[in-house]
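[1] Could you look at this predicted model? Sequence included:
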Amino acid sequence: MKYDFIIVGGGIVGLSTAWQLKQRYRDKTLLLLEKESALARHQTGHNSGVIHAGVYYAPDSLKARFCKEGAAASYEFCKQHGIPCRRIGKLLVATNTEERLRMDVLFERCLENGLSPEAISPVRLRELEPEITGIGAILIRESGIVDFVGICREMAQQIRLMGGEIRLGTTVTGIAESPDQVRIQTCKDTLQTDRLVVCAGLMADRLAAMQGLARDFRIIPFRGEYFRLRAPKNDVIAHLIYPIPDPARPFLGVHLTKMIDGTVTVGPNAVLGWKREGYGKFNFKFRDTFETISFPGFWKLSSRHLGSGLREYRNSMWKRGYLGQVRKYCPGITLQDLEPYPAGIRAQAVLRDGTMVDDFLFKETARSLHVCNAPSPAATSAIPIGKYICEKLTSRSIS
Ligand SMILES: Cc1cc2nc3c(=O)[nH]c(=O)nc-3n(C[C@H](O)[C@H](O)[C@H](O)COP(=O)(O)OP(=O)(O)OC[C@H]3O[C@@H](n4cnc5c(N)ncnc54)[C@H](O)[C@@H]3O)c2cc1C
């Protein structure tokens, strides 16, 4: 049988795309392939669970556009389908004068991105968050928390109700495109489709390479390690508490996140991963490591971020150092408060010249579309990303 659409990847981006394709083309056949025995096993199921508002991103970027639209769409989806989510707001806290200056720049960025930030004085900060200290903060009311896996479960159910098919435990091992179809080799059989969409997260470059598309970038895995606060500390914060991001560091910095189940996580940091889908601290896979270190862009990136990278490593190995990052703005947290919590691994596309691809990145052939870079806030942005992919496919007229 030849399918009209095959989607690879049962994370939130693949599911959102499949859900929207099936809504638009009820009479077309659609199959989603996922290699794990359950959906959302990788980035989508190992993240901070934050609905981002769209604070940080360059105003003309896809990230800025999709994040803002995605936050609204995610709240709406949750409301319609009874999925837990709470718009609890985020405080970006400055702890010294240097951060205060960066905070002012960030405030302008919020305005450019169409948000309604509120400048918060130290006194007001104390009223809002008695355990948090800072010399100023920005309050973003639009930010919230959600169960992204719950969203995936609901999308999967909707796909099935509309007649779409989802096959778990099915790894795609080869892709061959010809003028009239795409042939997909899986660990079980060979399939044919009219259109292919690949949303493979940490494996995005490998799937793209199967079609000769990934010469100029590689996925470099960055572990994000978390702790969870002891249960008696679950009420230590009422909002999401984020530091002011350091431009020398590519990720957002260790934050305090109230999860949708009421627990509070501390993290994530960002250290190089030696196994793309290995969540243990010392997991290692030869192929994954070789592909990282044999890529020239990795060395260029490393030389640019050597200082911050080594600091992240030190703090990963030294809990007290890790704690220091959060005590800057929440001094009441002690070593005893930090309990183990599963890590996540970010799929970050890096170019040959060492540039980290900041925006979402898509690559296309006549019959396929690959999502090559979908880092944070792609979970928040999954609904507009899926819509964008549907529109791309539609613009090429489906037979
Ligand atoms: C630590 C961390 C914190 C984050 N926090 C947030 C946050 O708070 N808010 C936010 O919006 N975003 C956050 N993100 C980003 C967000 O989680 C990801 O951007 C998003 O989940 C990406 O979804 P995805 O579907 O592209 O990838 P994934 O969820 O990784 O899914 C890809 C899927 O493809 C499957 N696959 C791969 N290869 C094959 C193959 N050959 N055959 C079949 N299937 C295959 C995988 O098994 C996987 O299920 C965070 C990410 C991390 C790692």
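    Nice, thanks for sending it over. All values derive from a computational prediction rather than experimental measurement.

[2] Just give the nearest non-adjacent residue to residue 273, would you?
    residue 221 (3.5 Å; C-beta to C-beta, 6 or more residues apart in numbering). Glycine gets a C-beta too; all of them are placed from N, C-alpha and C.

[3] Likewise for residue 315?
    residue 321 (3.9 Å).

[4] Close to the ligand: what parts of the stretch 201-350 of the chain are there?
    Selection of the stretch 201-350 of the chain residues close to the ligand by C-beta under 6 Å from any ligand atom yields 201, 202, 203, 207, 224, 268, 344, 345, 346.

[5] Pick out the most distant pair among those.
    207 and 268 (25.1 Å; C-beta to C-beta).

[6] In the stretch 151-300 of the chain, what residue spans correspond to helices?
    According to DSSP state H, counting those that start in this stretch, the stretch 151-300 of the chain carries its helices in the segments 204-210, 286-293, 296-304.

[7] low-scoring pLDDT stretches of this structure, where are they?
    396-399 (pLDDT under 70).

[8] Please list the residues of the stretch 1-150 of the chain that sit near the ligand.
    So the stretch 1-150 of the chain meets the ligand at 8-14, 33-36, 41-44, 46-50, 52 (C-beta under 6 Å from any ligand atom).

[9] Out of the residues you listed, list just those in strands.
    The members of those that map onto strands under DSSP state E are 8, 33, 50.

[10] for the last one, which residues make a bridge with it?
    Right, the one you point to is residue 50. Judged by DSSP bridges, the bridge partners of residue 50 are residue 145.

[11] State the distance from it to residue 143.
    Separation of residue 50 from residue 143 (C-beta to C-beta, to the nearest Å): 7 Å.

[12] can you list residues touching both of these two?
    Here residue 50 and residue 143 have 90, 240 as joint contacts, going by C-beta atoms under 8 Å, 6 or more residues apart in numbering.

[13] who are the neighbours in contact with the closest residue to the ligand within the stretch 1-150 of the chain?
    In the stretch 1-150 of the chain, no residue comes nearer to the ligand than residue 11, which is 2.2 Å away by C-beta to the nearest ligand atom. Taking C-beta under 8 Å, 6+ apart, we find residue 11 in contact with 39, 40, 42, 43, 44, 152, 199, 201.

[14] let's see it at 7 Å
    40, 42, 43, 44, 199, 201 (C-beta atoms under 7 Å, 6 or more residues apart in numbering).

[15] and which of the residues you listed is nearest to residue 98?
    Checking these against residue 98 with C-beta to C-beta, the nearest one is residue 43 at 31.7 Å.

[16] quick one, what contacts the closest residue to the closest one other than its chain neighbours?
    The shortest distance from residue 43 to any non-neighbouring residue, by C-beta to C-beta, 6+ apart, is to residue 201 (5.2 Å). Residues counted as contacts of residue 201 (C-beta under 7 Å, 6+ apart) are 9, 11, 42, 43, 347.

[17] Distance of residue 201 relative to residue 219?
    8 Å.

[18] next one: residue 95
    33 Å.

[19] Ok, residue 26 next?
    34 Å.

[20] When these two are compared, which one has more neighbours?
    A side-by-side neighbour count of residue 26 and residue 219, using other C-beta atoms under 10 Å, places residue 219 first with 28 against 10.

[21] my guess is that one contacts residue 347, does it?
    Yes. With contact defined as C-beta atoms under 7 Å, residue 219 and residue 347 form a contacting pair (5.0 Å).

[22] what touches both of those two?
    With C-beta under 7 Å, 6+ apart, residue 219 and residue 347 have common neighbours 202, 204.

[23] re earlier: quick check on the contacts of residue 11: which are buried?
    If you count burial by 16 or more other C-beta atoms under 10 Å, the buried members of the contacts of residue 11 come out as 40, 42, 43, 44, 199, 201.

[24] for the second one, what are its contacts?
    Same thing as residue 42. Residue 42 is in contact with 11, 201, 202, 277, counting by C-beta under 7 Å, 6+ apart.

[25] how close does it sit to residue 162?
    Residue 42 sits 25 Å away from residue 162, going by C-beta to C-beta.

[26] what's residue 92 in contact with, if anything?
    Contacts of residue 92 by C-beta under 7 Å, 6+ apart are 103, 106, 137, 138, 242, 244.

[27] What about residue 302, how many residues nearby?
    Residue 302 has 16 nearby residues by other C-beta under 10 Å.

[28] Now the residue nearest to it when sequence neighbours are not counted: which helix or strand?
    In space, and not counting its chain neighbours, residue 302 is closest to residue 309: 6.5 Å by C-beta to C-beta, 6+ apart. Element membership for residue 309 (DSSP states H and E) is helix 306-317.

[29] and the next helix-or-strand element following that helix with helix 306-317, angle?
    As assigned by DSSP H and E, the chain's next helix or strand after helix 306-317 is helix 319-327. Orientation check (axes from the mean of the first three to the mean of the last three C-alpha atoms, to 10 degrees): helix 319-327 against helix 306-317 gives 110 degrees.

[30] if I pick residue 199, what's in contact with it?
    Taking C-beta under 7 Å, 6+ apart, one finds 7, 8, 9, 11, 13, 14, 17, 371 in contact with residue 199.

[31] swap in residue 192?
    So residue 192 contacts 2, 3, 181, 183 (C-beta under 7 Å, 6+ apart).

[32] quick revisit: hmm, residue 299 and the residue nearest to residue 302 touching each other?
    No. Residue 309 is beyond contact range of residue 299, at 12.0 Å (criterion: C-beta under 7 Å).

[33] of these two, who's got more company?
    Taking other C-beta under 10 Å, residue 309 and residue 299 do not tie; residue 309 has more neighbours (19 against 13).

[34] From residue 46, how far off is the more buried one?
    21 Å.

[35] next one: residue 136
    Taken as C-beta to C-beta, the span from residue 136 to residue 46 is 32 Å.

[36] which residues of the stretch 251-399 of the chain fall in strands?
    255-258, 264-267, 271-272, 338-351, 361-364, 368-373 (DSSP state E, counting those that start in this stretch).

[37] Could I get the ones you listed in CSV, plus columns for mean neighbour count?
    Listed next are the strands of the stretch 251-399 of the chain as CSV, based on neighbours: other C-beta atoms under 10 Å:
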stretch, mean neighbour count
strand 255-258, 25
strand 264-267, 23
strand 271-272, 20
strand 338-351, 20
strand 361-364, 16
strand 368-373, 24
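
[38] All set now, cheers.
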